[in-house]
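Everything below, folded, please.
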Amino acid sequence: MELISKTPTIELLKILCFGIIVVALISSFSLQNSYGHDPNFRVSTTEDILKFCEFFYEEYQLLGVDSLSQQHPSFPNLRACVILYNHIAWNSTHPAREIVLISEIEKYLGDSSYIKERHLEYSNVIPNWIKKEAQLWVDNVNQDTDFAYGVRTMINAGVLLSEPTERECEQGKLCFNEGDFIKYSHIDKYNDVLTIEHEVYSISDDEIILKVIETSKDGTVITQMNLGWDGLIKTEKCCKFYEYVIPMPIKLNDIIAKDLKIITETTYTIDNRTKQSWLASDVTGQNVKIIDKDTGLVYLYEFHETEVLSVGDKTKITDTNFFDTKYNGKSYHTEIPKWWKTTTKWLLEEKISDSEYLRAMENLISRNILRV
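The predicted structure is shown next:
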């Protein structure tokens, strides 16, 4: 199970681009979100939906709608795209093509406010577009993943109140979960910049396998790293430990890699959140790490080869999902009881109120019965 590839030049990337995309599409069973194929624009109008559907058309031709929906659970309404793909005007070159297709979108959605609703903050009322999606789910037209998207949207918007679940770290182990990723910017003493991204590829009782992506001015290199739960990197050479997450728990005066000692408490701000942290330093005071107190995640690492060098290497975190608690810190894993369709039907038939439905759903989510 090797994950090693190398693309040293932009020219080679261009030559291999089509082949890599095809292989990634066919191998949809492998790395989650292997496509890396998301639109970089906001979908807020019917014109945007048409652009969105055009963006995914080639992928739809290869995968079909069900596999496409599963690959992109964060994008709703792909079935609206299928309506367009099957319309006689889709492959037309007529000047009125867009007008006809946008008319079909509005017919499907009802009116343009359906789209605008998706980008509003709500209080205690379920948006109409979510009820429309729920009706399709009750009628077995939509899958559980489509229904789950609406639930996640309501959690984000504050319609559903979901208490965040703290990450659980085991004694003496790296605090990694499936789906975790960490991204760093590394600047060396020559001011060359390297982007480092580590993604958890798989987890077993014996090891953690990371996909490592490093991007520099010379190109991108993708490799695999195998870790023991104690942080030891499994290579032919002995005894090198993982630098970016420290096994828990961590205490004052603990010695960690490269003679760094936990000397005091501090704080670190990431994504506008202030996190309680440890400061580790060596005897020179030049080599330091800032480490999250709860997870062992390294935020910042400065390293100088000698005491006389005023400029050294600096590695700083730029992105991670370690603290993403919107969905209980898990990647998209949907589990909805079959009987919840009956409750949802009562909502759509106005036998119960929005508030009653939301409070019941919050209860199921808090008890881990309903997972989105």
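
only C-alpha atoms for contact and neighbour calcs from this point on.
OK.

Past the lowest-mean-pLDDT helix or strand in the chain, which element shows up next along the chain?
Between all helices and strands in the chain, the lowest mean by mean pLDDT, DSSP states H and E belongs to helix 10-26, at a mean of 41. Downstream of helix 10-26, the next assigned helix or strand under DSSP states H and E is helix 46-63.

what about the protein, any weak spots by pLDDT?
1-38, 41-44, 69-80, 107-124, 156-158, 162-166, 236, 305-311, 324-333, 368 (pLDDT under 70).

Quick one: the helices in it, in order.
Along the chain, counting by DSSP state H, helices occupy 10-26, 46-63, 65-71, 78-85, 97-109, 113-117, 128-138, 144-157, 340-348, 354-366.

Tell me which of those is the most buried.
Among those, helix 144-157 has the highest mean neighbour count (mean count of other Cα atoms under 10 Å), at a mean of 20.

could you say what helices and strands that one packs with?
helix 65-71, helix 128-138 (3 or more Cα pairs under 8 Å, 6 or more residues apart in numbering; DSSP states H and E).

angle of the longest one against helix 97-109?
Here the directions of helix 128-138 and helix 97-109 differ by 70 degrees (axes from the mean of the first three to the mean of the last three Cα atoms, to 10 degrees).

distance between helix 128-138 and the chain's centre?
25 Å (Cα atoms, centre = their mean, to the nearest Å).

Kindly export that helix (C-alpha atoms) in PDB.
The C-alpha coordinates for helix 128-138 follow below in PDB (Å, rounded to 0.1, in the frame of the first residue of the first chain):
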ATOM      1  CA  ASN A 128     -38.000  25.700   3.600                       C
ATOM      2  CA  TRP A 129     -35.200  24.400   1.400                       C
ATOM      3  CA  ILE A 130     -34.300  21.900   4.100                       C
ATOM      4  CA  LYS A 131     -37.900  20.800   4.400                       C
ATOM      5  CA  LYS A 132     -38.000  20.300   0.600                       C
ATOM      6  CA  GLU A 133     -34.900  18.100   0.800                       C
ATOM      7  CA  ALA A 134     -36.400  16.300   3.800                       C
ATOM      8  CA  GLN A 135     -39.500  15.500   1.700                       C
ATOM      9  CA  LEU A 136     -37.300  14.000  -1.000                       C
ATOM     10  CA  TRP A 137     -35.600  11.900   1.700                       C
ATOM     11  CA  VAL A 138     -38.900  10.700   3.100                       C
END
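
any idea how far Leu84 lies from Asp66?
Relative to Asp66, Leu84 is positioned 16 Å away (criterion: Cα to Cα, to the nearest Å).

What are the buried residues along stretch 243-257?
Glu243, Tyr244, Val245, Ile246, Pro247, Met248, Pro249, Ile250, Ile255, Ile256 (16 or more other Cα atoms under 10 Å).

Make sure the fourth one is actually in contact with Lys293.
No. With contact taken as Cα atoms under 8 Å, Ile246 and Lys293 are classed as non-touching, separated by 10.0 Å.

Which of the buried residues of stretch 243-257 sits closest to Glu168?
Met248 (10.3 Å; Cα to Cα).

Mind listing the residues bridging to the closest one?
Lys173 (DSSP bridges).

hang on, isn't it packed against Gly296?
Yes. Counting by Cα under 8 Å, Gly296 is a contact partner of Met248 at 6.2 Å.

which residues are in contact with both of these two?
Leu174, Cys175 (Cα atoms under 8 Å, 6 or more residues apart in numbering).

which other residues reach stretch 290-308?
167, 169, 174-175, 243-250, 266, 268, 275-280, 284, 286-289, 310-317.

Send me it as CSV with only the CA atoms.
Extracted in CSV, the C-alpha atoms of stretch 290-308 (Å, rounded to 0.1, in the frame of the first residue of the first chain):
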residue,chain,number,x,y,z
ILE,A,290,4.6,25.6,21.3
ILE,A,291,2.4,22.5,21.9
ASP,A,292,-1.4,22.3,22.5
LYS,A,293,-2.1,21.2,26.0
ASP,A,294,-5.1,19.0,25.2
THR,A,295,-3.9,17.1,22.1
GLY,A,296,-0.1,17.4,21.9
LEU,A,297,-0.4,19.2,18.5
VAL,A,298,2.6,21.3,17.7
TYR,A,299,1.7,24.9,16.7
LEU,A,300,5.2,26.3,16.3
TYR,A,301,8.7,24.9,16.1
GLU,A,302,11.9,27.0,15.8
PHE,A,303,15.2,25.3,15.4
HIS,A,304,18.8,26.7,15.2
GLU,A,305,21.7,24.5,14.3
THR,A,306,24.1,26.3,16.6
GLU,A,307,23.9,29.0,19.3
VAL,A,308,25.7,31.5,17.1
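
what comes up buried for it?
Buried, per 16+ other Cα under 10 Å, within stretch 290-308: 290-304.
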